[in-house]
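Trainee: build me a structure from this.
(chains A and B)
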Amino acid sequence: MLERPVILCEILLSLMLCAVAAHTEDSLLKTTRFDEFSKHWFDMLKSKGCYSKEHLCFIKDPSDPKRVIAEYREIKRIMEKRVKKTASETVPYVGVLKYYVITYRARGDSKEAASKGKFKITDQSITTEIFYYKNGAWVY
Amino acid sequence: MRLKKLLLGLLVVAVALVGFIPAQAKLVPKIDHFVLFVDQSGSMYMTHKVMKDLKIRLVKKVLSDMNELIPELGYHGSIQLFAPLQQVLGPQEYKRSAFAQAIGTIREDQKIYGRLTPMGPGILGLDPLLAQMTGRKAVIIFSDGEANKGSDPVMESQALSKKYPNLCFHVVSFAETSKGKAILEKISKIGSCIMVDGVTLLNDKEALAKFVKDVFYEEVPEERIVLRGIHFDFDKYNIKPEWIPVLDEGVAVLQKHPEIKIIIEGHTDSIGTEAYNQKLSERRAKAVFDYFVSKGISPDRMKTVGFGELRPKADNSTAEGRAINRRVEIKIVK
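Mentor: Now for the predicted structure:
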């Protein structure tokens, strides 16, 4: 007879704790402005990083040093965005961004030839970026 | 026919969108054992109406093409014929060359008439072989489905599926009659396995690649952790206290997953000579390695490599681009 109220209590307590955790996490995101920072970070990747066909990176072809590989990435899905409190006073938080990214590559005898080549998917990865928060700003 | 063409077109587009096999995604086997199960009954030595070639020769071509695409991931396979039952290649760890040779021995010159198709008994005949296999099993049937002797092949397949819950019957169909197609479809639907048209696999490389992938393996994306803000001072590689929380996140991942191994990669921007940046990145990766060891991570689980400025993720001509390029990456190698 006593079991049912106890179980209900446990469920309610779990729900409350979850709500508190979610609220705390939301608060941290707001307090540290990690939401804003992550938007800035992704904008930076897209405008300054090799994250579109208009912004290619070039690397030497490891299988043939005379050839060049042109590559760019696409962020397909943001999987996680959170802030975690640390034990440090000078660096009170770390921020985590996790996303799914696809890499496209084309080969050529020169940068120009590679950039005009046929791009194929060569890599799919889950990337987790970890930043730290110091003096009111996220450091990268 | 138009619907078939449309579906084929959509399939090609879907596979094209998925793309080719990524070079750096890890391939993980979906099965532990497989049987390539080929119908050698009389009807398989008749000419396919559309392809104008013997069905058995078409099967051999599909087998050869498939064989070129199956990655060697440690599963065990065999090649068996039915109608009548015959072992071409006994169960062994799959190696492309051995299977290629065995496929070549399948006869192309048998009589058509007087050679019925006891498909049900053929499937039942797999039981002793399946009993020796542990784990996930796939039987890939190559047939025109013209079962006309003995027990019902659908019932026999259902019985085996019930006996071996980790068994899947996939079908490569060369059926030319509605009866043949219906039988093969029913078999493939047991356990929601795959049925594909054999002629499609012959004509469409991407459909073939997709079939092989759907049966044999899955791609698991690579995982990387990028530690940001780890900016060593000029010619320095000591760990600064402000980096500890970020490094400790890396430690936490390794502690939480004791089975994983990692490669710690050092990367730089392009300021400085290539040779200088190469050495610098190696030492920086080593500094992170030493920190992880100091936190109790076994050195056997970790390797270090410096890529210098050679693997940029951004254009080095801007300050932001150079900031993106300066990083330590942890590549998870399971």
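
Trainee: all strands of the chain, in order?
Mentor: Since no chain was named, I'll use chain A. A:57-60, A:68-85, A:93-108, A:120-134, A:137-139 (DSSP state E).

Trainee: actually it's chain B I care about, not the one you picked
Mentor: For chain B, the strands defined by DSSP E occupy B:26-29, B:33-39, B:76-82, B:86-93, B:137-143, B:167-173, B:195-197, B:217-220, B:222-227, B:261-267, B:302-308, B:327-333.

Trainee: got those strands as TSV, with mean neighbour count, distance to residue A:107 and mean pLDDT columns?
Mentor: Just so you know, the C-beta spots here come from the backbone N, C-alpha and C atoms, and that holds for glycine as well. Shown next, in TSV, are those (neighbours: other Cβ atoms under 10 Å in any protein chain shown; distance: least, Cβ to Cβ, whole Å; pLDDT from 0 to 100):
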stretch	mean neighbour count	distance to residue A:107	mean pLDDT
strand B:26-29	15	22	89
strand B:33-39	24	34	98
strand B:76-82	21	34	98
strand B:86-93	14	34	97
strand B:137-143	25	35	98
strand B:167-173	25	34	97
strand B:195-197	20	32	98
strand B:217-220	15	22	90
strand B:222-227	20	20	93
strand B:261-267	22	22	95
strand B:302-308	18	19	96
strand B:327-333	21	23	92
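
Trainee: out of the ones you listed, the one nearest chain A is which?
Mentor: strand B:222-227 (4.2 Å; Cβ to the nearest Cβ).

Trainee: what's the closest one packed up against?
Mentor: Packing partners of strand B:222-227 (3 or more Cβ pairs under 8 Å, 6 or more residues apart in numbering or on different chains; DSSP states H and E): strand A:120-134, helix B:244-256, strand B:327-333.

Trainee: quick one: which of these is nearest residue B:99?
Mentor: Residue B:99 lies closest, by Cβ to Cβ, to one member of the helices and strands packed on strand B:222-227: strand A:120-134, at 27.4 Å.

Trainee: what's the angle from that closest one to strand B:327-333?
Mentor: 120 degrees (axes from the mean of the first three to the mean of the last three Cα atoms, to 10 degrees).

Trainee: chain A contacts on the stretch 151-300 of chain B?
Mentor: Within the stretch 151-300 of chain B, the residues that sit near chain A (Cβ under 8 Å from any Cβ of the partner chain) are B:219, B:221-229, B:241-246, B:248-250.

Trainee: quick one: list the elements packing against the longest helix that chain A contains.
Mentor: Secondary structure of chain A per DSSP state H: the longest helix is helix A:3-31. Judged by 3+ Cβ pairs under 8 Å, 6+ apart, the packing partners of helix A:3-31 are strand A:68-85.

Trainee: what comes up buried for the helix or strand bottoming out on mean pLDDT in chain A?
Mentor: Using mean pLDDT, DSSP states H and E, helix A:3-31 stands out as the lowest-scoring helix or strand of chain A, at a mean of 74. Of the residues in helix A:3-31, A:28-29 count as buried by neighbour count, 16 or more other Cβ atoms under 10 Å in any protein chain shown.

Trainee: Serialize the strands of chain A to CSV and add fields for mean neighbour count, distance to chain B and mean pLDDT.
Mentor: Shown next, in CSV, are the strands of chain A (neighbours: other Cβ atoms under 10 Å in any protein chain shown; distance: least, Cβ to the nearest Cβ, whole Å; pLDDT from 0 to 100):
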stretch, mean neighbour count, distance to chain B, mean pLDDT
strand A:57-60, 16, 5, 91
strand A:68-85, 17, 8, 94
strand A:93-108, 20, 5, 95
strand A:120-134, 20, 4, 93
strand A:137-139, 17, 4, 95
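
Trainee: need these in TSV (columns: distance to residue A:12).
Mentor: Conversion of the strands of chain A to TSV gives the following (distance: least, Cβ to Cβ, whole Å):
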stretch	distance to residue A:12
strand A:57-60	53
strand A:68-85	25
strand A:93-108	30
strand A:120-134	34
strand A:137-139	37
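
Trainee: which one of those strands lies closest to residue B:114?
Mentor: strand A:120-134 (51.2 Å).

Trainee: partner strands of the closest one, with direction?
Mentor: Sheet pairing for strand A:120-134, assigned by DSSP bridges, gives strand A:93-108 (antiparallel), strand A:137-139 (antiparallel), strand B:222-227 (parallel).

Trainee: could you break the chain into its assigned domains?
Mentor: Let's take chain A. The record's domain parsing of chain A by automatic domain parsing lists A:1-31, A:32-139.

Trainee: switch to chain B, please.
Mentor: According to automatic domain parsing, the domains of chain B span B:19-220, B:223-333.

Trainee: would you turn the ones you listed into JSON lines with distance to residue A:131?
Mentor: Below are the domains of chain B laid out as JSON lines (distance: least, Cβ to Cβ, whole Å):
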{"stretch": "domain B:19-220", "distance to residue A:131": "25"}
{"stretch": "domain B:223-333", "distance to residue A:131": "5"}
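
Trainee: so which of these is nearest residue A:96?
Mentor: Across these, the minimum distance to residue A:96, taken as Cβ to Cβ, is reached by domain B:223-333, at 7.3 Å.

Trainee: which residues are in contact with residue 133?
Mentor: As the question left the chain open, I've gone with chain A. Contact analysis of residue A:133 by Cβ atoms under 8 Å, 6 or more residues apart in numbering or on different chains lists A:32, A:83, A:91-95, A:139.

Trainee: the intended chain is chain B.
Mentor: The neighbours of residue B:133, taking Cβ under 8 Å, 6+ apart as the test, are B:32-33, B:76, B:91.

Trainee: contacts only, for residue 74.
Mentor: You didn't say which chain, so I picked chain A. Residue A:74 sits next to A:51-52, A:101-102, A:104 when contact means Cβ under 8 Å, 6+ apart.

Trainee: right idea, wrong chain: chain B
Mentor: B:29, B:93-94.

Trainee: can I get the residues you listed in JSON lines with distance to residue B:165?
Mentor: Putting the contacts of residue B:74 into JSON lines (distance: Cβ to Cβ, whole Å) gives the following:
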{"residue": "B:29", "distance to residue B:165": "18"}
{"residue": "B:93", "distance to residue B:165": "24"}
{"residue": "B:94", "distance to residue B:165": "23"}
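
Trainee: in a markdown table: these, plus distance to chain A.
Mentor: Formatted as a markdown table, the contacts of residue B:74 follow (distance: Cβ to the nearest Cβ, whole Å):
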| residue | distance to chain A |
| --- | --- |
| B:29 | 18 |
| B:93 | 28 |
| B:94 | 25 |
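
Trainee: among the residues you listed, which one sits closest to residue B:173?
Mentor: Nearest member of the contacts of residue B:74 to residue B:173, counting by Cβ to Cβ, is residue B:94, at 23.2 Å.

Trainee: surely the closest one is in contact with residue B:72?
Mentor: Yes - the criterion here is Cβ atoms under 8 Å, and residue B:94 meets it with residue B:72 at 6.0 Å.

Trainee: neighbour count: the two, which is higher?
Mentor: Counted by other Cβ atoms under 10 Å in any protein chain shown, residue B:94 and residue B:72 do not tie: residue B:94 has more neighbours, with 22 against 12.

Trainee: ok, that one to residue B:212 distance?
Mentor: Distance, residue B:94 to residue B:212, by Cβ to Cβ, to the nearest Å: 12 Å.

Trainee: need the overlap of contacts for these two.
Mentor: residue B:70.

Trainee: give the contact list for residue B:255.
Mentor: When contacts are counted by Cβ under 8 Å, 6+ apart, residue B:255 touches B:296-297.
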